[in-house]
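Trainee: following is a predicted model, sequence given first.
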Amino acid sequence: MFRTALLCSTMLVASLAVGAPAQAQDFAGSVQGVVKSASGQALPGAYVKLINAERRLTFMAVTQAQGRYTMNNLPPGTYSVQGVGNGFQSKLTKVSLTGEKPATADVSLTDQQGPVIANGWIRTPGRVAGNELDSELAPPKLPEGEGKAIVEAKCNQCHYLHRLTQMRWTKANWTQKIKWMRERIHERGANDLTDQEEKTVVDYLAKNFNTTTTPKADPNGRLSRTLLKGAEAKYIAVDFEGPNLDAAYHDITVDSRGVAWVNQLNVYALGKFDPKTFTFSEVAPPSIGVKPGTLAHMGPPSRGVGDSIWMADIGGSRRWLEFNTKTERFNSYLVPDDFKGPISGNFMRADPSGKAVWTTASVRIVGLNLETKQFTAYPIPTANPGAYGMDVAGDGRVWFAEREAMKIGRLDPKTGKIDEFPTGGQDVPRRMGADWNGDLWVGFHETSQLVKVDHKTGKMTRYNPPTKNNGAYIAVPDPRTKVIWLTEQTADKIARFDPATETWQEFSLPIIESDARRIELDPTNPNRIWWSGDTSTHLGYIEVLN
């Protein structure tokens, strides 16, 4: 084991707010109205979107009896209101909120709903599999132009070209990405770009795969074509589009006050979204005299005990960070120089006991004992396992998904023993959560299933959500309500499963290609489930109405 040094930050790290400040904790704005068909029939169970472009916010409600809807707690501003349901949609209706007086927006569904967009991985409708199965695909057909030949010859040496063609970034971020790739290309023994080739490739990618001119999927393409009924009609949704579309909100956690925190894959700062003010800000980690590398960023955050959240510093320095969400101060846990190998990966989890923090790290599991301040690594027996999501069961054992090996692993920290349980197919297990009985629930992405793993025997029980090809990603059990929440990444939905009755409800998100990979329970509101989207740079929540 390796003892770490603990460095405490001595000053509050500055943050820069984006968006108009609020004078009160909650807004008093309200929009209400009725949604009707083109023939004048009131439509209960239709979606209603209220889009505030200035604040980068979209609110979504579902009409109730007599086709009526009400959305409360809205900030002032101009909204575009649109109804969607039964395969039709309305034109956008403008409405302004200037004070506490409710505004009214009645809409008629006179237009055909946009084309159906098949469920699928980011910008690949009809195909659930992520990049781990790109080997099954033919190379993508690249647009003509200067730079195409270089991309085909050199940019596929370390990964398949689908990783590039699925991205939408500004020229500034493409510049950083290619620079980062060149810094690491020697690790793969691949042929480097020349400086002129680098410039040509950046220009080519920025022209053809950007955030502004590249065509986008219809925003209503995955919303239901039938009117919603029952529990599935009893919810609202809030969506926030980040101010920097290059940022990439890969993971989200929620603190004890209901404030959301995200890591940003392309920004060296922790992002903060306050649902009371609808404002976004950033908090950078303290410097310890080491210049951050290109595209350094915070790792996936995990809520710890009290006001703490934990994350790894990826590309900045070899340390783990504990962040106090109340004081907005960091503690740095430096990884000893003789502790070799990877120290971060796809997921981090703080032990509920407050005694340890864990992460998957490619080929091993790494833990930090908070009492001894020691790091310990546990190699995974299977070669190239692709360690991914993880959680800590009630008995203290650490469970993790082996995405590449198609296995579920279990580590006993007391003995260091790792047991592995094959899934039995090409399931691509991704992320998981432990329930109130200590059993694990896992999203099997490729087979779009929710799977329960018995924490004693490793036996797996599979459950099929109503939506096919949904891309089940992370399962989050809620001990308060005894239900399992599941993000359906390729269907732009969040699902709720009751293990006692084996019944499902599914709730659509307001946008398409949300890329909602991580969901998190709000500790202040048992009906609010947060999500963040990596390639979309969106975050938000759904709130189930009782």
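Mentor: Now that the structure is in, tell me what you want to look at.
Trainee: neighbours of Tyr79, how many?
Mentor: Applying other CB atoms under 10 Å, we find 29 residues neighbouring Tyr79. C-beta: built from backbone N, CA, C; applies to glycine.
Trainee: could you say which helix or strand contains it?
Mentor: strand 77-85 (DSSP states H and E).
Trainee: and Tyr204, by the same measure?
Mentor: For Tyr204, the host element (DSSP H and E) is helix 195-208.
Trainee: all helices for the chain, in order.
Mentor: Taking DSSP state H, the helices of the chain run over residues 148-154, 162-165, 171-184, 195-208.
Trainee: quick one on the thing from earlier: for the helix holding Tyr204, packing partners?
Mentor: Counting contacts by 3 or more CB pairs under 8 Å, 6 or more residues apart in numbering; DSSP states H and E, helix 195-208 packs against helix 148-154, helix 171-184.
Trainee: buried deepest among those, which one?
Mentor: helix 171-184 (a mean of 17; mean count of other CB atoms under 10 Å).
Trainee: name the residues that touch that one?
Mentor: Helix 171-184 is contacted from outside by 155, 158, 169, 192-193, 198, 201-203, 205-206, 209-210, 246, 266, 293-295, using CB atoms under 8 Å, 6 or more residues apart in numbering.
Trainee: in the helix holding Tyr204, which residues are buried?
Mentor: Buried residues in helix 195-208, counted by 16 or more other CB atoms under 10 Å: 197-198, 200-208.
Trainee: now those residues as a markdown table including pLDDT?
Mentor: Output for the buried residues of helix 195-208, formatted as a markdown table (pLDDT from 0 to 100):
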| residue | pLDDT |
| --- | --- |
| Glu197 | 96 |
| Glu198 | 95 |
| Thr200 | 97 |
| Val201 | 96 |
| Val202 | 96 |
| Asp203 | 97 |
| Tyr204 | 96 |
| Leu205 | 96 |
| Ala206 | 96 |
| Lys207 | 96 |
| Asn208 | 96 |
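Trainee: can you count the residues close to the residue nearest to Lys234 when sequence neighbours are not counted?
Mentor: Leaving aside its chain neighbours, Lys234 sits nearest to Leu545 (4.4 Å; criterion: CB to CB, 6 or more residues apart in numbering). By other CB under 10 Å, 12 other residues sit near Leu545.
Trainee: and the gap between Leu545 and Met71?
Mentor: Separation of Leu545 from Met71 (CB to CB, to the nearest Å): 12 Å.
Trainee: one step back: just want the angle from the helix holding Tyr204 to helix 171-184.
Mentor: Orientation check (axes from the mean of the first three to the mean of the last three CA atoms, to 10 degrees): helix 195-208 against helix 171-184 gives 140 degrees.
Trainee: all numbers from here: first residue = 50
Mentor: In the new numbering, first residue 50, that becomes helix 244-257.
Trainee: residues contacting helix 244-257, please?
Mentor: 191-192, 194-197, 199-200, 203-204, 213, 218-220, 223-224, 227-228, 231, 242, 263.
Trainee: the residue lying closest to Pro434 once chain neighbours are set aside: what's it in contact with?
Mentor: Once flanking residues are discounted, Pro434 sits nearest to Glu451: 3.9 Å by CB to CB, 6+ apart. Going by CB under 8 Å, 6+ apart, Glu451 touches 429, 431, 434-437, 457-458, 469, 478.
Trainee: by neighbours, which of these wins?
Mentor: Greatest neighbour count in the contacts of Glu451, by other CB under 10 Å, goes to Pro478: 29 neighbours.
Trainee: contacts only, for the residue lying closest to it once chain neighbours are set aside.
Mentor: Excluding the flanking residues, the one nearest Pro478 by CB to CB, 6+ apart is Ala450, at 4.0 Å. Neighbouring residues of Ala450 by CB under 8 Å, 6+ apart: 409, 436-439, 456-458, 478-481, 491.
Trainee: how close does Ala450 get to Gly435?
Mentor: 8 Å.
Trainee: distance check, Phe76 against Val502.
Mentor: Separation of Phe76 from Val502 (CB to CB): 43 Å.
Trainee: over to Thr243?
Mentor: Distance of Thr243 to Val502, given as CB to CB: 50 Å.
Trainee: for Glu236, same thing?
Mentor: Going from Glu236 to Val502 by CB to CB gives 35 Å.
Trainee: send me stretch 446-459 as CSV with only the CA atoms.
Mentor: C-alpha atoms of stretch 446-459 as CSV (Å, rounded to 0.1, in the frame of the first residue of the first chain):
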residue,chain,number,x,y,z
ARG,A,446,-17.4,-5.5,-1.2
VAL,A,447,-16.8,-3.5,-4.3
TRP,A,448,-18.6,-4.5,-7.5
PHE,A,449,-17.6,-3.4,-11.0
ALA,A,450,-18.5,-3.9,-14.7
GLU,A,451,-15.9,-5.4,-17.1
ARG,A,452,-17.2,-3.8,-20.3
GLU,A,453,-14.7,-5.4,-22.7
ALA,A,454,-14.6,-8.8,-21.0
MET,A,455,-18.4,-9.1,-20.6
LYS,A,456,-18.1,-9.9,-16.9
ILE,A,457,-19.2,-8.5,-13.5
GLY,A,458,-16.4,-8.4,-10.9
ARG,A,459,-16.5,-8.4,-7.1
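Trainee: and Leu370, what is it in contact with?
Mentor: Residues near Leu370 by CB under 8 Å, 6+ apart: 334, 347, 359-362, 379-382.
Trainee: 6 Å instead, please
Mentor: By CB atoms under 6 Å, 6 or more residues apart in numbering, the contact set of Leu370 is 334, 360, 362, 379.
Trainee: quick check: bridge partners of the second one?
Mentor: The bridge-partner assignment for Met360, based on DSSP bridges, gives Leu370.
Trainee: so Gly416 is in contact with Trp407, correct?
Mentor: Yes. Using CB atoms under 6 Å, Gly416 makes contact with Trp407 at a distance of 4.9 Å.
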